[in-house]
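# based on what follows, work out the 3D shape:
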Amino acid sequence: MPAGEQQPHHIVDSQTMTDIQHMLADYAARFDSRLSVFDVRIASLADGIIALEGRVLDESQCDELRRLFSDHKADTSSLTVLNRPNLPRRHIATNLTGLYEKPTFSVPLASELTFGSELDILCEEGRWAFVRQRDGYLGWAYSPYMQDGPAPAATHLVLAPAIELRAQADSASDVLTRLVCGTRATVTESRGTWSRVEANKSGWVQSIHLRALADLPQTLDAKRTTLIADAQRMTGVPYLWGGVSGNGMDCSGFAQLLHRWIGIEIPRDADMQFEASYLVEEPHEAGDLFFFGEGGEQRKVTHVGISLGGWTVIHSSRTHNGVYVDDLQQAHYLRESYLGAGSFLR
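Next comes the predicted model:
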């Protein structure tokens, strides 16, 4: 080779490149975008080295990629790892805001965040932050609706679909804001049937619409009894994909809310709830979750309802456009899509 000439790069045949791309795609399919990040591309492939670019959630994914492509020496140095030590933490400072799959208001809701929801900040783009909730659920939230640091210590949960926060302990005083169901708030003073609450604003609400965290039901029977009463509070709340409030909620948001009101945190989505719950059989008791699916023999969980005892189910249903009661054995569309039952109550 003449002096000064560079060594030619090893040319990778098309079949090898196809095989590598299939391996990368198969590995990517392992990750649930609601709980993880894997956006990885092949930047180049030469001299037996696969240069990768993009984003992952954890360093362990880089380790696995290096093992996966050990024959080709994967270079992961250009990958951005989002989960790192000492992530900034913020909390939602408005009464309610959306969680989205992309950093824009112009896409459907993935979920919603109530005042005080604490979030790890994984990255930021302009006025948006890619966040992780305490349960690992990921999405984009609007940064101006957040404040730095952890949320104020809460003492109570909001029980009603939505309650008016007033300037004075008087139903004729000015409305300052509205707090939605499931919001964690801090009571600082009581006066008759009213409580002074600190949330995104400071004001007064009727105490009947609050439940002290110290008073959450402790026994299994008390949890079942409380859940039935709580479910009926939400009757008529309209259906909203991604919703978790009295403005509108979806089926799994409703199930999650009812459990939060009795002190139990469960996953956000119906399929996650199905996987995390323990199997229960007949006869069904109040609080059992009924799961439903679509798609033939390999049906995916797409809907969840809550037993009020036996086959009576309360659920946030698109068919009814909201929270209503059905008899599972009488409602054809439920009976035909029923997959099984699970529970988080012990």
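# got a list of what the residue nearest to the spatial centre of the chain touches?
Note on the chain: the residue nearest the mean C-alpha position is residue 268, at 4.0 Å, using Cα atoms, centre = their mean. Each residue near residue 268 by Cβ atoms under 8 Å, 6 or more residues apart in numbering is listed here: 34, 111, 135, 137, 252, 253, 256. Quick note: C-beta positions are derived from backbone N, CA and C, even for glycine.
# so the second one is in which element?
Secondary structure assigned from DSSP states H and E places residue 111 in strand 109-114.
# any idea which helix or strand comes after that strand?
With elements assigned by DSSP H and E, the helix or strand that comes after strand 109-114 is strand 118-125.
# next, the buried residues of that next one.
118, 119, 120, 121, 122 (16 or more other Cβ atoms under 10 Å).
# one more: stretch 129-146?
For stretch 129-146, the neighbour count (16+ other Cβ under 10 Å) marks 129-133, 137-143, 145-146 as buried.
# ok, now stretch 185-195?
Quick answer for stretch 185-195 (16+ other Cβ under 10 Å): 185, 186, 187, 194, 195.
# could I get those as JSON lines with distance to residue 232?
Converted to JSON lines, the buried residues of stretch 185-195 look like this (distance: Cβ to Cβ, whole Å):
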{"residue": "185", "distance to residue 232": "22"}
{"residue": "186", "distance to residue 232": "27"}
{"residue": "187", "distance to residue 232": "24"}
{"residue": "194", "distance to residue 232": "24"}
{"residue": "195", "distance to residue 232": "23"}
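# relative to residue 263, how far out is residue 290?
Computed as Cβ to Cβ, to the nearest Å, the residue 290 to residue 263 distance reads 22 Å.
# go on, residue 67?
Distance of residue 67 to residue 263, computed by Cβ to Cβ: 41 Å.
# of the two, which one has the most company?
Shown here are residue 67 and residue 263; by other Cβ atoms under 10 Å, residue 263 has more neighbours (15 against 9).
# without its sequence neighbours, what residue ends up closest to that one?
Among residues not flanking residue 263 along the chain, residue 216 sits closest, at 3.8 Å (Cβ to Cβ, 6 or more residues apart in numbering).
# ok, back up a step: tell me which of the buried residues of stretch 129-146 fall in strands.
129, 130, 131, 132, 133, 138, 139, 140, 141, 142, 146 (DSSP state E).
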